[in-house]
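Give me coordinates for this.
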Amino acid sequence: MGRRLNDNPIKDINPIVSEILRRAEVGELSCLSCSAGCGATDYAARICPLCGKPVELRPVSGRGRIHSYSVFHTPFNSKLSAPYTVLLVELEEGPRLAVVFDRGRASPPKVGDAVVFSGAGDGFVRFSLI
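Residues are numbered from 1 along each chain as shown. From the prediction side, this is the model:
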């Protein structure tokens, strides 16, 4: 079995991820985007893969589709009670994000389902079905 992850997220280990989480907690989902306007890119990019210009954080729509998902039956973090679902969401702008599924009363997710940003907290970005 896997080992339990630390329940206290380490801030500023990756300042970009920390800033994305900070913005998400106040209701603004952001991704890295080309400063010259080529579009959103992967959070690990430091320059635009299309033109080589710098990237910067910009707000995104918060809408996308489920590319993949996993259901975790082991509580790796005490802030998430098992079972919980982690989605790999492909945003309308292109990048993919790993997020926690905010199920509510919704049925189980399916690949291709439309989802929307529903909030953040405790170090997790959450999406729900539209």
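
and the gap between residue 121 and residue 25?
6 Å (CB to CB, to the nearest Å). The C-beta positions use only the backbone N, C-alpha and C, and glycine is treated the same way.

my bad, should have said residue 53
29 Å.

Output the helix-or-strand element of the chain with minimal mean pLDDT as PDB, restricted to C-alpha atoms.
One helix or strand of the chain scores below all others by mean pLDDT, DSSP states H and E: helix 15-25, with a mean of 90. Below are the C-alpha coordinates for helix 15-25, written out as PDB (Å, rounded to 0.1, in the frame of the first residue of the first chain):
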ATOM      1  CA  PRO A  15       5.900  29.300  -6.300                       C
ATOM      2  CA  ILE A  16       3.700  29.000  -9.500                       C
ATOM      3  CA  VAL A  17       1.600  26.200  -8.100                       C
ATOM      4  CA  SER A  18       1.300  28.100  -4.800                       C
ATOM      5  CA  GLU A  19       0.100  31.200  -6.700                       C
ATOM      6  CA  ILE A  20      -2.400  29.100  -8.700                       C
ATOM      7  CA  LEU A  21      -3.800  27.600  -5.500                       C
ATOM      8  CA  ARG A  22      -4.000  31.000  -3.800                       C
ATOM      9  CA  ARG A  23      -5.900  32.500  -6.700                       C
ATOM     10  CA  ALA A  24      -8.200  29.400  -6.900                       C
ATOM     11  CA  GLU A  25      -9.100  29.800  -3.200                       C
END
